[in-house]
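1. coordinates only, sequence not included:
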Ligand code: SF4
Ligand code: SF4
Ligand code: FES
């Protein structure tokens, strides 16, 4: 892909049209770009606060929609805090999309397993939108999602919708349940004991906090998933998005350009993959 | 001749500045002070292409430039910068413009600095890549060798040849080159080469990095001054403009993600990262070497850390073990 050079670092302006409160610390921001903006699921963008800073996010909306973009953001640092304070009507910048997204081809004809935790649901949602639109091409989708407490579960309405899709199966867990919770209690990997999947004809996607990804991958390997059928979306400190600034280096890879989606096989020998 | 060129070009060349030699802007008054055939100036050549700070949307610093007196190590270092910044998929428009607008006049080194070690990493102390013209001063004479098309064009437009260099001149040039190589080799006899250094670093234990990083204060001078270090950060400005500012993995927080994880938090890991990058990871990704042996990082370190002592010790340890 060759990008017109004048555009390389130039953002597209986007207006914030809606803010959706997902949990006490997570909000979804609906953006309307000044011109159509397309991305492939799993690719990331840089979101720019004029004069303040920028930060990388993977859109949580459908890659099939080009005139609107959703980003789900957890309040975590300086830039995300500022974004959380924004009101509708604010104008932001977006650059991208960057990197290598999910290999949809690898999923066609397969039983897709997605293992997600915490804010990992945000990028996964865009993948699930994509899979829903292409459900004829896959055998089925098994989605296992874990969060800390019932309060931290995001996209509640969307989960209900997914449960109504025939080829989709959803399993959820929380680390610590309360009276309102009637699903599984425990770490997300325990959901893998409940699923029924033909591993020989399956690919797995793992997205979430590093520690969850680490144990998730371990369990999938134990279950018999080959290393090259486990896809991971890596979170690093992406800045330029173009393989130049060096902030996202993970051993021999620029995560921004070579990833952020990798197979476990590709990255297993690189340093600090779970940090 | 140089004074005439000043109309159309900004010219930079090595000038003695107190104890330092720097690539300085040349004026009609200073053309006589240029030092030829000197080892590398204090600051690296890269800063002409990746300035310490630059607004990449408004930068208008595009006057044509001539840089005289670039040693081999500085010129060779541009190769990896080119691989990164002129990458086919995403060519950096600003870097590319700076590169195109600059004529590089390389020079043979007739002397060496204390920490020069180009030959240990397979580079000769005369320009073999990226120069448009090579200049050597022999006695009263300046000998030019035209290398690139750009250099040829420049010569055709601006330089009136006095006479062709003869066999004797070539002989002198070669003798001087050999002398410099000899000096470098004698100085660095026990230094492992680039590839072996990478292997040694990859296999090394944590202790040695702890030991050598004890006096590191994370000032980042080693990277700022390194002709191949190329990392940067963006500073956002009003109107969605961006300032690119050179950055380094030696600063705390370089790899920290929003959620707080920072693989390079421990000082010794951060310190080791710079060498892993140069000798282990970049070689797996790029063709050009990520250290050209200029020795600037050793000279610039206020903690008096000498990477080459470290590498010698790694080699020593290995020999002892074996
Ligand atoms: S390292 Fe080699 S090329 Fe560089 S200044 Fe020293 S002698 Fe010259
Ligand atoms: S690492 Fe040191 S010796 Fe190597 S190119 Fe950089 S400054 Fe020069
Ligand atoms: S984000 Fe700049 S190199 Fe990857």
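-> That came in fine, so what should we check first? Just so it is clear, the structure is predicted and the values come from calculations on it, not from any experiment. Ligands and ions are numbered 1, 2, ... in the order given.

2. what residues does residue A:129 make contact with?
-> Contacts for residue A:129 (C-beta atoms under 8 Å, 6 or more residues apart in numbering or on different chains) come out as A:41, A:61, A:62, A:63, A:64. Backbone N, C-alpha and C define where each C-beta goes, glycine included.

3. the third one: neighbouring residues, count only.
-> A count of neighbours around residue A:62, defined by other C-beta atoms under 10 Å in any protein chain shown, yields 19.

4. which SS class is the closest residue to it other than its chain neighbours?
-> Using C-beta to C-beta, 6 or more residues apart in numbering or on different chains and skipping residues adjacent in sequence, the residue nearest residue A:62 is residue A:129, 3.6 Å away. The local conformation at residue A:129, judged by DSSP: H, G, I helix; E, B strand; the rest coil, is helix.

5. spit out the contact partners of the residue nearest the centre of chain A.
-> The centroid of chain A falls nearest to residue A:123 when counting by C-alpha atoms, centre = their mean (1.9 Å). The contact partners of residue A:123, taken as C-beta under 8 Å, 6+ apart, are A:41, A:42, A:58, A:59, A:60, A:207, A:233.

6. return the backbone torsion pair for residue B:19.
-> phi -80, psi -10 (degrees, to the nearest 10).

7. now do it against residue A:176, distance only.
-> 65 Å (C-beta to C-beta, to the nearest Å).

8. the more surrounded of those two?
-> Counted by other C-beta under 10 Å, residue B:19 and residue A:176 do not tie: residue A:176 has more neighbours, with 12 against 6.

9. break chain A down into its domains, please.
-> By the assignment in automatic domain parsing, chain A contains the domains A:3-98, A:104-233.

10. JSON lines for these, including distance to ligand 1 and mean pLDDT?
-> Shown next, in JSON lines, are those (distance: least, C-beta to the nearest ligand atom, whole Å; pLDDT from 0 to 100):
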{"stretch": "domain A:3-98", "distance to ligand 1": "32", "mean pLDDT": "92"}
{"stretch": "domain A:104-233", "distance to ligand 1": "41", "mean pLDDT": "95"}
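
11. burial count for residue 97?
-> I'll assume chain A. 21.

12. wait, I meant chain B there
-> A count of nearby residues for residue B:97, using other C-beta under 10 Å, gives 15.

13. kindly report the same for the one 3 residues further on.
-> A total of 10 residues lie near residue B:100 under the criterion other C-beta under 10 Å.

14. next one: the one 4 residues further on
-> By other C-beta under 10 Å, 26 other residues sit near residue B:104.

15. again, but for residue B:73
-> By other C-beta under 10 Å, neighbour count at residue B:73 equals 27.

16. where's it, which helix or strand?
-> helix B:72-85 (DSSP states H and E).

17. which residues sit against that helix?
-> Counting by C-beta under 8 Å, 6+ apart, A:243-244, B:40, B:44-46, B:49-50, B:91-92, B:95-96, B:99, B:104, B:106, B:109, B:116, B:118, B:123-131, B:227-228, B:230, B:282, B:286-290, B:292-294 sit against helix B:72-85.

18. what do you get if the cut-off is 6 Å, keeping everything else the same?
-> The contact list for helix B:72-85 (C-beta atoms under 6 Å, 6 or more residues apart in numbering or on different chains) reads A:244, B:40, B:45, B:92, B:95, B:106, B:118, B:123, B:125-127, B:129-131, B:227-228, B:230, B:286, B:288, B:290, B:292, B:294.

19. and what of stretch A:28-36?
-> By C-beta under 6 Å, 6+ apart, stretch A:28-36 touches A:12-20, A:22, A:66-72.

20. which ones among the residues you listed map onto strands?
-> The members of those that map onto strands under DSSP state E are A:12-20, A:22, A:69-72.

21. now these in JSON lines, with distance to chain B?
-> Converted to JSON lines, those look like this (distance: C-beta to the nearest C-beta, whole Å):
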{"residue": "A:12", "distance to chain B": "10"}
{"residue": "A:13", "distance to chain B": "8"}
{"residue": "A:14", "distance to chain B": "11"}
{"residue": "A:15", "distance to chain B": "14"}
{"residue": "A:16", "distance to chain B": "15"}
{"residue": "A:17", "distance to chain B": "19"}
{"residue": "A:18", "distance to chain B": "22"}
{"residue": "A:19", "distance to chain B": "19"}
{"residue": "A:20", "distance to chain B": "20"}
{"residue": "A:22", "distance to chain B": "16"}
{"residue": "A:69", "distance to chain B": "17"}
{"residue": "A:70", "distance to chain B": "18"}
{"residue": "A:71", "distance to chain B": "13"}
{"residue": "A:72", "distance to chain B": "13"}
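
22. now do the helices in the chain.
-> No chain in the question, so chain A it is. All helices of chain A, identified by DSSP state H, fall at A:78-84, A:104-107, A:121-133, A:156-163, A:210-223, A:255-258, A:264-267.

23. wait, chain B was what I had in mind.
-> B:2-5, B:72-85, B:93-100, B:149-158, B:167-187, B:194-203, B:206-213, B:221-224, B:267-275, B:282-285, B:296-300, B:307-321.

24. any bit of the second one sitting next to ligand 3?
-> No. With C-beta under 6 Å from any ligand atom as the measure, helix B:72-85 is seen stopping short of ligand 3, the closest distance being 8.7 Å.

25. would you mind getting the angle between that helix and helix B:167-187?
-> 80 degrees (axes from the mean of the first three to the mean of the last three C-alpha atoms, to 10 degrees).

26. then the third one?
-> For the pair helix B:93-100 and helix B:167-187, the angle between their directions (the same axes, to 10 degrees) equals 130 degrees.

27. from the chain's centroid, how far away is helix B:93-100?
-> 17 Å (C-alpha atoms, centre = their mean, to the nearest Å).

28. poorly predicted segments of chain B, please.
-> B:61, B:321-322 (pLDDT under 70).

29. swap in 80 and give it another go.
-> Applying pLDDT under 80 to chain B flags the ranges B:1-3, B:59-63, B:161-162, B:258-260, B:319-322.

30. name the residue closest to the centre of it, please.
-> Central residue of chain B (C-alpha atoms, centre = their mean): residue B:227, at 2.8 Å.

31. residues touching it, list them.
-> By C-beta under 6 Å, 6+ apart, the neighbours of residue B:227 are B:44, B:45, B:46, B:74, B:77, B:294.

32. for those, give me CSV that also has neighbour count and distance to ligand 1.
-> Shown next, in CSV, are these (neighbours: other C-beta atoms under 10 Å in any protein chain shown; distance: C-beta to the nearest ligand atom, whole Å):
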residue, neighbour count, distance to ligand 1
B:44, 24, 10
B:45, 26, 10
B:46, 21, 14
B:74, 30, 7
B:77, 30, 9
B:294, 29, 5
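
33. which two of those residues have the greatest separation?
-> Spatially, the most separated pair among the contacts of residue B:227 is B:46 and B:294, at 10.8 Å (C-beta to C-beta).

34. just the pLDDT at residue A:2, thanks.
-> Looking at residue A:2, its pLDDT stands at 38.

35. what's the spacing between the closest residue to residue B:132 other than its chain neighbours and residue B:137?
-> Counting by C-beta to C-beta, 6+ apart, residue B:132 lies nearest to residue B:151, which is 3.4 Å off, once chain neighbours are set aside. Using C-beta to C-beta, residue B:151 is found at 18 Å from residue B:137.

36. so what's residue 13 bridging to?
-> You didn't pick a chain, so chain A it is. Beta bridges link residue A:13 to residue A:93, judged by DSSP bridges.

37. I was thinking of chain B, sorry if that wasn't clear
-> residue B:24.

38. ok, it - contacts?
-> So residue B:13 contacts B:26, B:34, B:68, B:69 (C-beta under 6 Å, 6+ apart).

39. what does residue B:230 give?
-> Contacts of residue B:230 (C-beta under 6 Å, 6+ apart): B:81, B:84.

40. what about residue 231, how many neighbours?
-> Assuming you mean chain A. With other C-beta under 10 Å as criterion, residue A:231 counts 23.

41. actually, chain B is the one I wanted.
-> By other C-beta under 10 Å, neighbour count at residue B:231 equals 22.

42. and if you look at the one 10 residues further on?
-> Residue B:241: 16 surrounding residues under other C-beta under 10 Å.

43. brilliant, that's me finished.
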